[in-house]
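S.K.: Just the structure for this:
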Amino acid sequence: MIEQTTAAPRTLDGRLVAVMALISGLVVANSYYAQPIVGLIADDLGASTTSVGLVVTASQVGYAVGLALLVPLGDLVDRRRLLWWLIGATAVCLVVMAAAPTWQVLASAALLVGVGSVVGQIVVPLAASLAQADRRGRVIGNVMTGLLLGILLSRVVAGLIAEVAGWRAVFVTAVGLVLVAALLVRTLPRTAPATDVSYRELLASVVRLVREEPILRWRMAYGTLTYASFGVMWTSIGFLLAGPGYEWSDARIGLFTLVGVAGALAARGAGRLADRGHARGQTGVLLAVTALSAIPLAMGEHGVIALAIGVAALDLGIQGTHITNQSVFYPLRPDARSRLNTAYMTSYFAAGSVGSIASVFVYAEWGWTGVCVLGALFPAVGFAAWLVESVRR
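M.R.: The predicted structure is shown next:
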(Lines give C-alpha, C1' and ligand atoms only; values in the text may rest on other atoms or scores of the structure.)
Protein backbone atom coordinates (compact mmCIF):
# COMPACT_ATOMS: atom_id res chain seq x y z
CA MET A 1 0.00 0.00 0.00
CA ILE A 2 1.34 3.44 -0.94
CA GLU A 3 0.76 6.21 1.59
CA GLN A 4 1.12 9.83 0.55
CA THR A 5 0.48 13.04 2.41
CA THR A 6 -0.41 16.42 1.02
CA ALA A 7 2.42 18.84 1.60
CA ALA A 8 1.38 21.96 3.44
CA PRO A 9 2.25 25.24 1.77
CA ARG A 10 4.57 27.68 3.53
CA THR A 11 1.55 29.76 4.51
CA LEU A 12 -2.17 29.11 4.34
CA ASP A 13 -3.65 32.27 2.90
CA GLY A 14 -6.35 33.91 5.02
CA ARG A 15 -8.48 34.30 1.93
CA LEU A 16 -8.36 30.56 1.33
CA VAL A 17 -9.43 29.86 4.92
CA ALA A 18 -12.35 32.28 4.49
CA VAL A 19 -13.34 30.52 1.24
CA MET A 20 -13.33 27.14 3.02
CA ALA A 21 -15.46 28.52 5.84
CA LEU A 22 -17.92 30.04 3.36
CA ILE A 23 -18.20 26.82 1.33
CA SER A 24 -18.86 24.82 4.49
CA GLY A 25 -21.54 27.21 5.74
CA LEU A 26 -23.33 27.59 2.40
CA VAL A 27 -23.66 23.85 1.84
CA VAL A 28 -24.42 22.58 5.35
CA ALA A 29 -27.32 25.06 5.52
CA ASN A 30 -29.21 22.92 3.01
CA SER A 31 -29.92 20.31 5.68
CA TYR A 32 -31.64 22.86 7.92
CA TYR A 33 -33.71 25.15 5.69
CA ALA A 34 -36.84 23.00 6.01
CA GLN A 35 -36.92 22.95 9.82
CA PRO A 36 -38.71 26.27 10.48
CA ILE A 37 -41.07 26.07 7.50
CA VAL A 38 -42.61 22.62 7.97
CA GLY A 39 -46.03 24.15 8.61
CA LEU A 40 -45.98 26.23 5.43
CA ILE A 41 -44.92 23.25 3.33
CA ALA A 42 -47.63 21.05 4.85
CA ASP A 43 -50.34 23.61 4.11
CA ASP A 44 -49.23 24.09 0.51
CA LEU A 45 -48.88 20.39 -0.29
CA GLY A 46 -52.03 19.38 1.59
CA ALA A 47 -50.07 17.07 3.88
CA SER A 48 -49.84 16.68 7.64
CA THR A 49 -47.02 18.32 9.56
CA THR A 50 -46.00 14.82 10.68
CA SER A 51 -45.54 13.72 7.07
CA VAL A 52 -43.62 16.87 6.12
CA GLY A 53 -41.59 16.46 9.31
CA LEU A 54 -40.13 13.39 7.62
CA VAL A 55 -38.47 15.79 5.16
CA VAL A 56 -36.32 17.08 8.02
CA THR A 57 -35.66 13.54 9.20
CA ALA A 58 -34.74 12.42 5.67
CA SER A 59 -32.18 15.21 5.39
CA GLN A 60 -30.55 14.20 8.68
CA VAL A 61 -30.52 10.52 7.68
CA GLY A 62 -28.87 11.49 4.40
CA TYR A 63 -26.24 13.48 6.28
CA ALA A 64 -25.44 10.43 8.41
CA VAL A 65 -25.09 8.29 5.27
CA GLY A 66 -22.77 10.86 3.73
CA LEU A 67 -20.62 10.93 6.86
CA ALA A 68 -20.21 7.17 6.85
CA LEU A 69 -19.82 6.51 3.12
CA LEU A 70 -18.55 9.67 1.39
CA VAL A 71 -16.33 11.58 3.83
CA PRO A 72 -13.68 8.78 3.89
CA LEU A 73 -13.25 9.28 0.13
CA GLY A 74 -11.33 12.45 0.97
CA ASP A 75 -8.33 10.21 1.67
CA LEU A 76 -8.73 8.29 -1.59
CA VAL A 77 -9.41 10.94 -4.26
CA ASP A 78 -8.69 14.58 -4.99
CA ARG A 79 -10.81 16.44 -2.45
CA ARG A 80 -11.47 19.38 -4.77
CA ARG A 81 -12.97 17.12 -7.43
CA LEU A 82 -15.02 15.26 -4.80
CA LEU A 83 -16.38 18.55 -3.46
CA TRP A 84 -17.33 19.78 -6.92
CA TRP A 85 -19.31 16.65 -7.76
CA LEU A 86 -21.08 16.63 -4.40
CA ILE A 87 -22.09 20.27 -4.69
CA GLY A 88 -23.27 19.80 -8.28
CA ALA A 89 -25.45 16.83 -7.33
CA THR A 90 -26.80 18.78 -4.35
CA ALA A 91 -27.81 21.68 -6.60
CA VAL A 92 -29.81 19.32 -8.84
CA CYS A 93 -31.62 17.84 -5.84
CA LEU A 94 -32.42 21.30 -4.49
CA VAL A 95 -34.10 22.12 -7.81
CA VAL A 96 -36.25 19.02 -7.32
CA MET A 97 -37.13 20.18 -3.80
CA ALA A 98 -38.16 23.60 -5.07
CA ALA A 99 -40.50 22.04 -7.65
CA ALA A 100 -41.68 19.05 -5.59
CA PRO A 101 -45.39 18.31 -6.19
CA THR A 102 -45.75 16.04 -3.14
CA TRP A 103 -44.12 15.61 0.24
CA GLN A 104 -42.83 12.19 -0.83
CA VAL A 105 -40.82 13.74 -3.69
CA LEU A 106 -39.65 16.48 -1.35
CA ALA A 107 -38.46 13.95 1.25
CA SER A 108 -36.67 11.82 -1.34
CA ALA A 109 -34.78 14.85 -2.67
CA ALA A 110 -34.05 16.01 0.89
CA LEU A 111 -32.44 12.64 1.61
CA LEU A 112 -29.99 13.17 -1.26
CA VAL A 113 -29.41 16.80 -0.32
CA GLY A 114 -28.46 15.59 3.17
CA VAL A 115 -25.91 13.20 1.66
CA GLY A 116 -24.32 16.05 -0.30
CA SER A 117 -24.33 18.41 2.66
CA VAL A 118 -21.32 16.66 4.22
CA VAL A 119 -19.13 18.94 2.11
CA GLY A 120 -18.00 20.75 5.26
CA GLN A 121 -16.74 17.49 6.74
CA ILE A 122 -14.48 17.09 3.71
CA VAL A 123 -13.33 20.71 3.76
CA VAL A 124 -12.22 20.64 7.42
CA PRO A 125 -9.71 17.76 6.94
CA LEU A 126 -8.50 19.56 3.81
CA ALA A 127 -7.88 22.70 5.86
CA ALA A 128 -6.10 20.66 8.53
CA SER A 129 -3.86 19.10 5.87
CA LEU A 130 -2.91 22.46 4.35
CA ALA A 131 -2.34 24.29 7.64
CA GLN A 132 1.03 24.50 9.30
CA ALA A 133 1.18 22.60 12.60
CA ASP A 134 1.41 25.73 14.76
CA ARG A 135 -1.69 27.25 13.09
CA ARG A 136 -3.83 24.15 12.59
CA GLY A 137 -6.12 24.75 15.55
CA ARG A 138 -6.77 28.35 14.50
CA VAL A 139 -7.55 27.30 10.92
CA ILE A 140 -9.89 24.51 12.06
CA GLY A 141 -11.63 26.96 14.39
CA ASN A 142 -12.24 29.45 11.59
CA VAL A 143 -13.58 26.85 9.16
CA MET A 144 -15.79 25.24 11.80
CA THR A 145 -17.16 28.66 12.75
CA GLY A 146 -18.26 29.12 9.14
CA LEU A 147 -19.98 25.74 9.22
CA LEU A 148 -21.79 26.45 12.49
CA LEU A 149 -22.89 29.88 11.31
CA GLY A 150 -24.37 28.20 8.25
CA ILE A 151 -26.46 25.98 10.51
CA LEU A 152 -27.56 28.81 12.80
CA LEU A 153 -28.34 31.33 10.07
CA SER A 154 -30.11 28.86 7.77
CA ARG A 155 -33.20 28.73 9.99
CA VAL A 156 -33.48 32.50 10.14
CA VAL A 157 -32.95 32.94 6.40
CA ALA A 158 -35.49 30.23 5.58
CA GLY A 159 -38.13 31.79 7.81
CA LEU A 160 -37.67 35.28 6.40
CA ILE A 161 -37.66 34.20 2.74
CA ALA A 162 -40.67 31.92 3.21
CA GLU A 163 -42.63 34.71 4.87
CA VAL A 164 -41.98 37.06 1.93
CA ALA A 165 -41.95 34.75 -1.11
CA GLY A 166 -43.13 31.32 -0.03
CA TRP A 167 -41.36 28.11 0.90
CA ARG A 168 -40.32 27.17 -2.66
CA ALA A 169 -38.31 30.39 -2.89
CA VAL A 170 -36.18 29.12 0.00
CA PHE A 171 -34.89 26.22 -2.07
CA VAL A 172 -34.54 28.33 -5.21
CA THR A 173 -32.30 30.64 -3.18
CA ALA A 174 -30.41 27.60 -1.89
CA VAL A 175 -29.66 26.55 -5.48
CA GLY A 176 -28.06 29.92 -6.14
CA LEU A 177 -26.00 29.74 -2.97
CA VAL A 178 -24.63 26.26 -3.66
CA LEU A 179 -23.69 27.34 -7.18
CA VAL A 180 -21.67 30.12 -5.56
CA ALA A 181 -20.06 27.44 -3.40
CA ALA A 182 -19.26 25.40 -6.54
CA LEU A 183 -17.45 28.39 -8.04
CA LEU A 184 -15.51 28.88 -4.81
CA VAL A 185 -14.41 25.22 -4.83
CA ARG A 186 -12.54 25.91 -8.08
CA THR A 187 -10.20 28.22 -6.10
CA LEU A 188 -9.15 25.40 -3.76
CA PRO A 189 -5.87 23.53 -4.38
CA ARG A 190 -5.89 20.01 -5.74
CA THR A 191 -4.79 17.28 -3.35
CA ALA A 192 -3.08 13.97 -4.02
CA PRO A 193 -4.75 10.81 -2.67
CA ALA A 194 -3.39 9.89 0.76
CA THR A 195 -3.82 6.15 0.14
CA ASP A 196 -4.36 3.68 -2.67
CA VAL A 197 -6.45 1.09 -0.81
CA SER A 198 -9.80 -0.10 -2.16
CA TYR A 199 -13.01 1.62 -1.11
CA ARG A 200 -14.01 -1.40 0.96
CA GLU A 201 -10.67 -1.39 2.76
CA LEU A 202 -10.99 2.36 3.24
CA LEU A 203 -14.28 1.97 5.13
CA ALA A 204 -12.93 -0.94 7.19
CA SER A 205 -9.94 1.16 8.20
CA VAL A 206 -12.23 3.65 9.96
CA VAL A 207 -13.10 1.01 12.55
CA ARG A 208 -9.44 0.06 12.82
CA LEU A 209 -8.47 3.67 13.54
CA VAL A 210 -10.93 3.82 16.43
CA ARG A 211 -9.50 0.59 17.81
CA GLU A 212 -5.87 1.68 17.47
CA GLU A 213 -6.04 5.32 18.59
CA PRO A 214 -6.94 5.87 22.27
CA ILE A 215 -6.72 9.65 21.92
CA LEU A 216 -9.34 9.49 19.18
CA ARG A 217 -11.60 7.45 21.47
CA TRP A 218 -11.30 10.00 24.28
CA ARG A 219 -12.05 12.84 21.89
CA MET A 220 -15.03 10.97 20.47
CA ALA A 221 -16.33 10.61 24.04
CA TYR A 222 -16.01 14.34 24.77
CA GLY A 223 -17.62 15.21 21.45
CA THR A 224 -20.57 12.86 21.79
CA LEU A 225 -21.34 13.91 25.36
CA THR A 226 -21.35 17.62 24.53
CA TYR A 227 -23.27 17.30 21.28
CA ALA A 228 -25.88 15.12 22.98
CA SER A 229 -26.44 18.12 25.25
CA PHE A 230 -26.81 20.32 22.16
CA GLY A 231 -29.53 18.00 20.84
CA VAL A 232 -31.30 18.00 24.19
CA MET A 233 -31.36 21.77 24.63
CA TRP A 234 -32.00 22.98 21.10
CA THR A 235 -34.78 20.48 20.43
CA SER A 236 -36.92 21.69 23.33
CA ILE A 237 -36.05 25.36 23.41
CA GLY A 238 -38.58 25.89 20.63
CA PHE A 239 -41.25 24.25 22.78
CA LEU A 240 -40.38 26.60 25.65
CA LEU A 241 -40.45 29.77 23.54
CA ALA A 242 -43.71 28.81 21.80
CA GLY A 243 -45.35 27.78 25.08
CA PRO A 244 -47.38 29.71 27.65
CA GLY A 245 -44.41 31.47 29.24
CA TYR A 246 -43.30 33.22 26.04
CA GLU A 247 -45.82 32.55 23.23
CA TRP A 248 -43.34 33.71 20.59
CA SER A 249 -43.96 33.48 16.85
CA ASP A 250 -41.89 31.16 14.64
CA ALA A 251 -40.05 34.16 13.19
CA ARG A 252 -39.13 35.46 16.63
CA ILE A 253 -37.96 32.02 17.74
CA GLY A 254 -35.81 31.80 14.62
CA LEU A 255 -34.21 35.15 15.37
CA PHE A 256 -33.46 34.02 18.94
CA THR A 257 -31.19 31.30 17.57
CA LEU A 258 -28.81 34.09 16.55
CA VAL A 259 -27.83 34.29 20.22
CA GLY A 260 -25.85 31.14 19.58
CA VAL A 261 -23.70 33.05 17.08
CA ALA A 262 -21.99 34.86 19.97
CA GLY A 263 -20.92 31.57 21.50
CA ALA A 264 -19.80 30.20 18.14
CA LEU A 265 -17.62 33.24 17.44
CA ALA A 266 -16.12 33.18 20.93
CA ALA A 267 -15.23 29.50 20.51
CA ARG A 268 -12.82 30.36 17.68
CA GLY A 269 -10.27 31.11 20.38
CA ALA A 270 -10.20 27.43 21.32
CA GLY A 271 -8.22 26.67 18.20
CA ARG A 272 -5.59 29.31 19.00
CA LEU A 273 -5.21 28.02 22.56
CA ALA A 274 -4.89 24.46 21.28
CA ASP A 275 -2.05 25.60 19.00
CA ARG A 276 -0.29 26.91 22.12
CA GLY A 277 -0.48 23.56 23.90
CA HIS A 278 -3.52 24.16 26.12
CA ALA A 279 -5.82 21.56 24.55
CA ARG A 280 -6.03 19.25 27.54
CA GLY A 281 -6.67 21.94 30.15
CA GLN A 282 -9.21 23.87 28.10
CA THR A 283 -11.11 20.66 27.38
CA GLY A 284 -11.98 20.37 31.07
CA VAL A 285 -12.95 24.04 31.27
CA LEU A 286 -15.17 23.81 28.19
CA LEU A 287 -16.89 20.65 29.41
CA ALA A 288 -17.58 22.40 32.71
CA VAL A 289 -18.94 25.49 30.90
CA THR A 290 -21.28 23.26 28.87
CA ALA A 291 -22.61 21.55 32.00
CA LEU A 292 -22.95 24.79 34.01
CA SER A 293 -24.82 26.51 31.18
CA ALA A 294 -27.82 24.51 32.35
CA ILE A 295 -28.15 26.86 35.35
CA PRO A 296 -28.97 30.06 33.41
CA LEU A 297 -30.89 27.95 30.89
CA ALA A 298 -33.13 26.64 33.68
CA MET A 299 -33.58 30.19 35.01
CA GLY A 300 -34.49 31.18 31.46
CA GLU A 301 -37.85 29.51 31.79
CA HIS A 302 -38.99 32.79 33.31
CA GLY A 303 -36.50 35.30 31.87
CA VAL A 304 -35.14 35.73 28.36
CA ILE A 305 -31.86 37.34 29.46
CA ALA A 306 -30.89 34.31 31.52
CA LEU A 307 -31.95 32.08 28.63
CA ALA A 308 -29.75 34.03 26.20
CA ILE A 309 -26.76 33.82 28.54
CA GLY A 310 -27.30 30.08 28.89
CA VAL A 311 -27.55 29.57 25.12
CA ALA A 312 -24.35 31.55 24.49
CA ALA A 313 -22.49 29.58 27.18
CA LEU A 314 -23.85 26.28 25.85
CA ASP A 315 -22.71 26.99 22.29
CA LEU A 316 -19.36 28.30 23.49
CA GLY A 317 -18.71 25.10 25.45
CA ILE A 318 -19.87 22.73 22.74
CA GLN A 319 -18.19 24.46 19.79
CA GLY A 320 -15.00 25.07 21.79
CA THR A 321 -14.81 21.41 22.76
CA HIS A 322 -15.44 20.39 19.16
CA ILE A 323 -12.68 22.61 17.76
CA THR A 324 -10.27 21.42 20.46
CA ASN A 325 -11.08 17.78 19.71
CA GLN A 326 -10.35 18.21 16.00
CA SER A 327 -7.13 20.06 16.75
CA VAL A 328 -6.00 17.09 18.83
CA PHE A 329 -6.96 14.12 16.67
CA TYR A 330 -6.15 15.38 13.15
CA PRO A 331 -2.37 15.17 13.71
CA LEU A 332 -2.63 11.51 14.79
CA ARG A 333 -2.68 10.13 11.23
CA PRO A 334 -1.87 12.72 8.53
CA ASP A 335 -2.62 10.09 5.86
CA ALA A 336 -6.11 9.38 7.26
CA ARG A 337 -7.59 12.72 8.29
CA SER A 338 -10.85 12.20 6.42
CA ARG A 339 -11.31 8.79 8.03
CA LEU A 340 -10.51 10.19 11.47
CA ASN A 341 -13.20 12.79 10.85
CA THR A 342 -15.65 10.10 9.75
CA ALA A 343 -15.17 8.16 12.97
CA TYR A 344 -15.50 11.26 15.12
CA MET A 345 -18.39 12.93 13.30
CA THR A 346 -20.47 9.77 12.93
CA SER A 347 -20.50 9.27 16.69
CA TYR A 348 -20.96 13.03 17.19
CA PHE A 349 -23.98 13.19 14.92
CA ALA A 350 -25.51 10.02 16.39
CA ALA A 351 -25.21 11.49 19.89
CA GLY A 352 -27.01 14.65 18.81
CA SER A 353 -29.85 12.55 17.40
CA VAL A 354 -30.14 10.56 20.63
CA GLY A 355 -30.19 13.78 22.63
CA SER A 356 -32.94 15.22 20.43
CA ILE A 357 -35.15 12.15 20.80
CA ALA A 358 -34.62 12.00 24.56
CA SER A 359 -35.40 15.71 24.86
CA VAL A 360 -38.88 15.31 23.37
CA PHE A 361 -39.87 12.66 25.91
CA VAL A 362 -38.27 14.43 28.87
CA TYR A 363 -39.96 17.73 28.04
CA ALA A 364 -43.34 16.00 27.79
CA GLU A 365 -42.87 14.37 31.21
CA TRP A 366 -40.83 16.85 33.28
CA GLY A 367 -40.88 20.10 31.32
CA TRP A 368 -38.02 22.54 30.76
CA THR A 369 -36.40 21.82 34.14
CA GLY A 370 -36.09 18.14 33.27
CA VAL A 371 -34.56 19.07 29.91
CA CYS A 372 -31.94 21.25 31.62
CA VAL A 373 -31.04 18.48 34.05
CA LEU A 374 -30.61 16.01 31.21
CA GLY A 375 -28.65 18.57 29.18
CA ALA A 376 -26.25 19.09 32.09
CA LEU A 377 -25.84 15.36 32.77
CA PHE A 378 -24.12 14.53 29.47
CA PRO A 379 -21.25 17.08 29.73
CA ALA A 380 -20.95 16.35 33.46
CA VAL A 381 -20.16 12.74 32.56
CA GLY A 382 -17.72 14.12 29.98
CA PHE A 383 -16.01 16.19 32.68
CA ALA A 384 -15.70 13.10 34.88
CA ALA A 385 -14.15 11.23 31.92
CA TRP A 386 -11.72 14.11 31.42
CA LEU A 387 -10.64 13.83 35.05
CA VAL A 388 -10.03 10.11 34.57
CA GLU A 389 -7.95 10.72 31.44
CA SER A 390 -5.98 13.47 33.18
CA VAL A 391 -5.12 11.17 36.10
CA ARG A 392 -4.04 8.36 33.75
CA ARG A 393 -1.72 10.72 31.90
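S.K.: Poorly predicted segments of the stretch 151-300 of the chain, please.
M.R.: Scanning the stretch 151-300 of the chain for pLDDT under 70 picks out 250.
S.K.: mind listing the helices for it?
M.R.: Applying DSSP state H, counting those that start in this stretch to the stretch 151-300 of the chain gives helices spanning 167-185, 199-212, 214-242, 250-256, 259-266, 269-275, 279-292, 294-299.
S.K.: okay if I get the ones you listed as CSV plus distance to V28?
M.R.: From N, CA and C alone the C-beta is placed, and that goes for glycine too. Shown next, in CSV, are the helices of the stretch 151-300 of the chain (distance: least, CB to CB, whole Å):
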stretch, distance to V28
helix 167-185, 10
helix 199-212, 21
helix 214-242, 15
helix 250-256, 17
helix 259-266, 13
helix 269-275, 19
helix 279-292, 22
helix 294-299, 25
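S.K.: can you tell which of those helices is closest to V124?
M.R.: helix 269-275 (11.4 Å; CB to CB).
S.K.: Contacts made by the closest one with the rest, please.
M.R.: Contacts to helix 269-275, defined as CB atoms under 8 Å, 6 or more residues apart in numbering, come from residues 134-142, 279, 282, 286, 319-321, 323-324, 327-328.
S.K.: M345: which of the helices of the stretch 151-300 of the chain is closest?
M.R.: Proximity to M345 (CB to CB) singles out helix 214-242 among these, at 8.3 Å.
S.K.: just how off-centre is that closest one within its chain?
M.R.: Distance of helix 214-242 from its chain centroid, counting by CA atoms, centre = their mean, to the nearest Å, is 11 Å.
S.K.: List the buried residues of that helix.
M.R.: 216-241 (16 or more other CB atoms under 10 Å).
S.K.: Can you tell me the SS state at I323?
M.R.: Under the three-state scheme (DSSP: H, G, I helix; E, B strand; the rest coil), I323 adopts helix.
S.K.: what's the distance between it and L149?
M.R.: Applying CB to CB, to the nearest Å, the value for I323 to L149 is 14 Å.
S.K.: out of the two, which sits in the busier spot?
M.R.: Shown here are I323 and L149; by other CB atoms under 10 Å, I323 has more neighbours (32 against 21).
S.K.: what sits against the more buried one?
M.R.: Contact analysis of I323 by CB under 8 Å, 6+ apart lists G137, I140, G141, M144, A267, R268, A270, G271, A274.
S.K.: again, but for G88
M.R.: G88 makes contacts with A182, as judged by CB under 8 Å, 6+ apart.
S.K.: For it, give me the pLDDT.
M.R.: pLDDT for G88: 94.
S.K.: Please, which helix or strand holds it?
M.R.: Take DSSP states H and E as the rule and G88 turns out to sit in helix 79-99.
S.K.: quick revisit: now, of the contacts of helix 269-275, which are buried?
M.R.: Neighbour-count burial (16+ other CB under 10 Å) applied to the contacts of helix 269-275 gives 135-142, 279, 282, 286, 319-321, 323-324, 327-328.
S.K.: If you count neighbours, what's buried in the next helix or strand after the helix holding G88?
M.R.: Using DSSP H and E, the next helix or strand after helix 79-99 towards the C-terminus is helix 103-116. Within helix 103-116, the residues that qualify as buried are W103, L106, A107, S108, A109, A110, L111, L112, V113, G114, V115, G116, counting by 16+ other CB under 10 Å.
S.K.: Nearest to the spatial middle of this protein, which residue is it?
M.R.: Note on the chain: the residue nearest the mean C-alpha position is L148, at 6.1 Å, using CA atoms, centre = their mean.
S.K.: The helix or strand containing it: which residues count as buried?
M.R.: Using DSSP H and E, L148 sits within helix 136-165. For helix 136-165, a neighbour-count test (16+ other CB under 10 Å) marks 136-159, 161-163 as buried.
S.K.: what is the orientation angle of the helix holding G88 with helix 167-185?
M.R.: Counting by axes from the mean of the first three to the mean of the last three CA atoms, to 10 degrees, helix 79-99 lies at 170 degrees to helix 167-185.
S.K.: Show me which positions of helix 79-99 end up buried.
M.R.: Across helix 79-99, burial judged by 16+ other CB under 10 Å covers 79-80, 82-84, 86-87, 90-91, 93-94, 96-98.
S.K.: For those residues, give me CSV that also has distance to T257.
M.R.: Shown next, in CSV, are these (distance: CB to CB, whole Å):
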residue, distance to T257
R79, 31
R80, 32
L82, 31
L83, 27
W84, 31
L86, 26
I87, 25
T90, 23
A91, 26
C93, 25
L94, 22
V96, 27
M97, 22
A98, 24
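S.K.: L387: which of these is nearest?
M.R.: Nearest to L387 among those, counting by CB to CB, is R79 at 37.5 Å.
S.K.: so the closest one touches I122, yeah?
M.R.: Yes - using CB atoms under 8 Å, R79 is in contact with I122, at 5.8 Å.
S.K.: any common contacting residues for these two?
M.R.: Contact with both R79 and I122 is made by residues S338, according to CB under 8 Å, 6+ apart.
S.K.: L152 touches V259, doesn't it?
M.R.: No - the pair L152 and V259 fails to qualify as a contact (CB under 8 Å) at a distance of 9.1 Å.
S.K.: Give me the domain ranges for the protein.
M.R.: Using automatic domain parsing, the domain parsing of the chain gives 12-190, 195-393.
S.K.: Scan the protein for its longest helix.
M.R.: helix 337-392 (DSSP state H).
S.K.: Hey, what's the angle from that helix to helix 199-212? Just curious.
M.R.: Using the same axes, to 10 degrees: helix 337-392 against helix 199-212 is 10 degrees.
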